[in-house]
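**Student:** Return a 3D structure for these sequence lines:
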Amino acid sequence: METLRLSAKQYIIAITVGIACFLPPFIGEATNIALPNMLVGLGYTMGADYWNLYGWILTVYLLTSTIFLIPAARLADKFSKKWFFSIGVLLLGVGSLGVGMSTSGEMVLAMRTIEGIGNALMFGSAIALLASAVKVELRGTAIGIAMTGVFLGQLAGPLLAGALTDVFGWSMVYLILCPVALLSFFLAIPFIPRDQPTDKGPYDWIGALLFMGGMGFALYGFSKQPNTEALALLVSGIFLLIAFFFYEKRNKNPLIPVKLILRNRGFTFNNSANLLYYVAIYAMGSLVSLYMTNVWGITDALPRALIVTTQGLILVLFTIVAGRFYDHLLPRWLLAFGVLFTIGGIAGAWIMGVPSTGTLWLIGAILCASVAAFGLGSLILAGIDRYIKNAPPKYATTTGLILISIGMIILLTCGTETAIWSMIAVQAFFGVGIAIFVTPNSTAIMNSVTPQEFGMASGTLSTTRMLGMAISIGIVSILKNIFLSGTSDDYAASFLQMMDGTIIAALVVLVLAMIFSWTAGSRRRI
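**Tutor:** Down below sits the predicted model:
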């Protein structure tokens, strides 16, 4: 039997896309760390203007990305996914350079908008390019390589941002992204093959305007709740999106083929699971950091960054394994290695002894947890692959969501007493669960459509991701306004109430995601 493997050129294409996919998560994670220093450096002091700009710098990037993703992906179908991808990478580099050179808050917002547009153009085409360049039997492996770039960005973002901000200043956090963007651009030009337009019909400008207006009003209005004027914007956005839905159903060449989506169970249900997954998990990173700071009193940035890094390290190590599981290319020895790694990691954690926030202890604990999590994930996927013939992706995606839920339950048990091992376990379960869910889910979405629909599918996949992130941040903002408004002598108790409510809500959302993921099929009517 012929051994399936990517060619050298296909590896380069996947790596090129992976380098580009490194940029947005790095920008997101690094901004969380650098933003306070940025505002101080720009001359803002604590007050209304400070917090208003703080919120806008975070929000404008998500808003811009979400609004433009689907319209940009459909334009790429009409012209060239390769060039839209390349232009998007360049805009990410230009926007990051502009943020790093900004001398005012207004300039930062303008450059963040450019970053958001670049993210929309790049991510709207990235997975479609990979799906077109690699045959279906190896698509999971290629997408796993690209997703490794995403998770490397999540891993490197907080650590590099903290170090660069302390040593060189906040500007360097953004300036270092320029050569990364240029590397992806210069690799894309010769190595990514030129693609032909897959959409020959007229562009749906009316649908694009309805979508962008509805999504923009709805997300902005939602993020500002509770507020009467913002509620009016939210309702207006919802009405525009409803109008968009009915308009698309009648359009012969729609921006989003609503009728096709309604008939395609695999596409619809897996995208729904993807949206719900991001709603449940995205805001947990910032909440966990606030938890450790304000409830446990770990005010030093490095210990908090190291604990959170557990998740990113596991994602980087394990994502390619998840991709190979989708393609049924896992080596037979992985099952035995999974057992050894799991036992070895747990034994190492036991040897570590009394928990500490010291750097050396945390590094050792993170390595032990990562080894154990890698072993557990390998054991699960290798077992499924060996004992369930041609296991469909729902076994991986649902298992991944279950592991994330276990992490949520552990987090729910944490109280005011510092429990370092519990938080590391939370991050470990999150890491292996996310790795097992994301790549098979993304690959299943791309495999549920025809090559002519790759651009639409890639754009929709990225839109559900960005929309889930925006909703997650919006929900947490609303809960903060409810539980943490004003001053309180018992801040920790109020924060724990908010945190517990958020986790319970996330668990409900994850159960819904499991139902969608498990019941997803391939190109069936629903």
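
**Student:** count of residues packed around residue 5?
**Tutor:** Applying other C-beta atoms under 10 Å, we find 10 other residues in the vicinity of residue 5. The C-beta positions use only the backbone N, C-alpha and C, and glycine is treated the same way.

**Student:** swap in residue 336?
**Tutor:** Neighbourhood size, residue 336 [other C-beta under 10 Å]: 12.

**Student:** So residue 334 versus residue 378, what's the distance?
**Tutor:** Using C-beta to C-beta, to the nearest Å, residue 334 is found at 5 Å from residue 378.

**Student:** just for the stretch 1-150 of the chain, where's the confidence low?
**Tutor:** Along the stretch 1-150 of the chain, segments meeting pLDDT under 70 span 1-4, 46-48, 50-51, 55, 136.

**Student:** about what we covered before: list the residues that contact both of residue 334 and residue 378?
**Tutor:** With contacts taken as C-beta atoms under 8 Å, 6 or more residues apart in numbering, residue 334 and residue 378 have residue 321 as neighbours in common.

**Student:** Those two - which one has more neighbours?
**Tutor:** More crowded of residue 334 and residue 378, by other C-beta under 10 Å: residue 378, with 26 against 21.

**Student:** residue contacts, the more buried one?
**Tutor:** 318, 321, 334, 335, 337, 338, 341.

**Student:** which of those residues tops the neighbour count?
**Tutor:** Neighbour counts for these peak at residue 318, which has 26 neighbours (criterion: other C-beta under 10 Å).

**Student:** Residue 222 is in contact with residue 234, correct?
**Tutor:** Yes - using C-beta atoms under 8 Å, residue 234 is in contact with residue 222, at 5.4 Å.

**Student:** which one is the residue most central in space within the chain nearest to, not counting chain neighbours?
**Tutor:** Computing the C-alpha centroid of the chain and ranking residues by C-alpha atoms, centre = their mean puts residue 465 first, at 6.3 Å. Leaving aside its sequence neighbours, residue 465 sits nearest to residue 278 (C-beta to C-beta, 6 or more residues apart in numbering; 5.6 Å).

**Student:** Which elements pack onto the helix or strand hosting residue 88?
**Tutor:** Per DSSP states H and E: residue 88 is located in helix 81-100. Helix 81-100 is packed against helix 8-41, helix 48-78, helix 105-133, helix 171-175, helix 177-191, with contacts defined by 3 or more C-beta pairs under 8 Å, 6 or more residues apart in numbering; DSSP states H and E.

**Student:** Run the angle between the second one and helix 105-133 for me.
**Tutor:** So that's helix 48-78. Counting by axes from the mean of the first three to the mean of the last three C-alpha atoms, to 10 degrees, helix 48-78 lies at 30 degrees to helix 105-133.

**Student:** Would you indicate which residues of helix 48-78 are buried?
**Tutor:** 50, 53-54, 57-78 (16 or more other C-beta atoms under 10 Å).

**Student:** Then stretch 256-276?
**Tutor:** Across stretch 256-276, burial judged by 16+ other C-beta under 10 Å covers 256-258, 260-261, 264-276.

**Student:** Wait, residue 141 touches residue 327, no?
**Tutor:** Yes - with contact defined as C-beta under 8 Å, residue 141 counts as touching residue 327 (5.3 Å).

**Student:** the more surrounded of those two?
**Tutor:** When residue 141 and residue 327 are compared on other C-beta under 10 Å, the one with more neighbours turns out to be residue 141, at 25 against 19.

**Student:** mind listing what that one touches?
**Tutor:** Counting by C-beta under 8 Å, 6+ apart, residue 141 makes contact with 6, 134, 320, 323, 324, 326, 327, 329.

**Student:** if I look at the residue nearest to it when sequence neighbours are not counted, how far off is residue 438?
**Tutor:** What sits nearest to residue 141 in space, not counting adjacent residues and going by C-beta to C-beta, 6+ apart, is residue 323, at 4.9 Å. Per C-beta to C-beta, residue 323 is found 10 Å from residue 438.

**Student:** Find residues that contact each of these two.
**Tutor:** residue 147.

**Student:** Check which helices and strands the helix or strand harbouring residue 273 sits against.
**Tutor:** Under the criterion of DSSP H and E, residue 273 resides in helix 265-281. Contact here means 3+ C-beta pairs under 8 Å, 6+ apart; on that basis helix 265-281 packs against helix 258-263, helix 394-413, helix 420-447, helix 454-483, helix 491-519.

**Student:** and residue 367, which of the helices and strands packed on helix 81-100 is closest to it?
**Tutor:** Of all the helices and strands packed on helix 81-100, it is helix 8-41 that lies closest to residue 367, at 20.7 Å by C-beta to C-beta.

**Student:** So which bits of the closest one are buried?
**Tutor:** 10-31, 33-35, 37-39.

**Student:** who does it touch, helix- and strand-wise?
**Tutor:** Helix 8-41 packs on helix 48-78, helix 81-100, helix 105-133, helix 139-167, helix 171-175, helix 177-191, helix 284-294, going by 3+ C-beta pairs under 8 Å, 6+ apart.

**Student:** quick one: residue 460 from residue 493, how far?
**Tutor:** Taken as C-beta to C-beta, the span from residue 460 to residue 493 is 42 Å.

**Student:** ditto for residue 394
**Tutor:** Taking C-beta to C-beta, one finds residue 394 at 41 Å from residue 493.

**Student:** Then residue 32?
**Tutor:** Distance, residue 32 to residue 493, by C-beta to C-beta: 25 Å.

**Student:** do the same with residue 164
**Tutor:** For residue 164, the distance to residue 493 (C-beta to C-beta) stands at 36 Å.

**Student:** neighbour count winner among these two?
**Tutor:** Per other C-beta under 10 Å, whichever of residue 164 and residue 493 has more neighbours is residue 164, with 20 against 13.

**Student:** And for the more buried one, nearest residue in space, chain neighbours not counted?
**Tutor:** Residue 164 sits nearest to residue 172 (C-beta to C-beta, 6+ apart), 4.6 Å away.

**Student:** That neighbour: what's it in contact with?
**Tutor:** By C-beta under 8 Å, 6+ apart, residue 172 lies in contact with 100, 164, 165.

**Student:** ok, the first one - contacts?
**Tutor:** To tie it back to what came earlier, the one meant is residue 100. Listed by C-beta under 8 Å, 6+ apart, the contact partners of residue 100 are 171, 172, 173, 174, 175.

**Student:** how about 7 Å then?
**Tutor:** Going by C-beta atoms under 7 Å, 6 or more residues apart in numbering, residue 100 touches 171, 174, 175.

**Student:** swap in residue 56?
**Tutor:** By C-beta under 7 Å, 6+ apart, the contact list for residue 56 reads residue 109.

**Student:** Quick check: it vs residue 112, distance?
**Tutor:** Plainly put, residue 56 is 8 Å away from residue 112 if you go by C-beta to C-beta.

**Student:** and what of residue 123?
**Tutor:** 16 Å.

**Student:** Residue 389 now?
**Tutor:** The gap separating residue 389 from residue 112 is 49 Å, by C-beta to C-beta.

**Student:** Of the two, which one has the most company?
**Tutor:** residue 112 (25 against 7).

**Student:** isn't the more buried one right next to residue 61, touching?
**Tutor:** Yes - counting by C-beta atoms under 7 Å, residue 112 does reach residue 61; the two are 4.9 Å apart.

**Student:** Could you measure from residue 332 over to residue 366?
**Tutor:** 30 Å.

**Student:** next one: residue 295
**Tutor:** Distance from residue 295 to residue 366, by C-beta to C-beta: 21 Å.

**Student:** now residue 518
**Tutor:** According to C-beta to C-beta, residue 518 and residue 366 sit 32 Å apart.

**Student:** what do you get for residue 170?
**Tutor:** Distance check for residue 170 against residue 366: by C-beta to C-beta, it reads 26 Å.

**Student:** And the helices in the stretch 201-350 of the chain?
**Tutor:** 205-223, 228-250, 258-263, 265-281, 284-294, 301-326, 334-352 (DSSP state H, counting those that start in this stretch).
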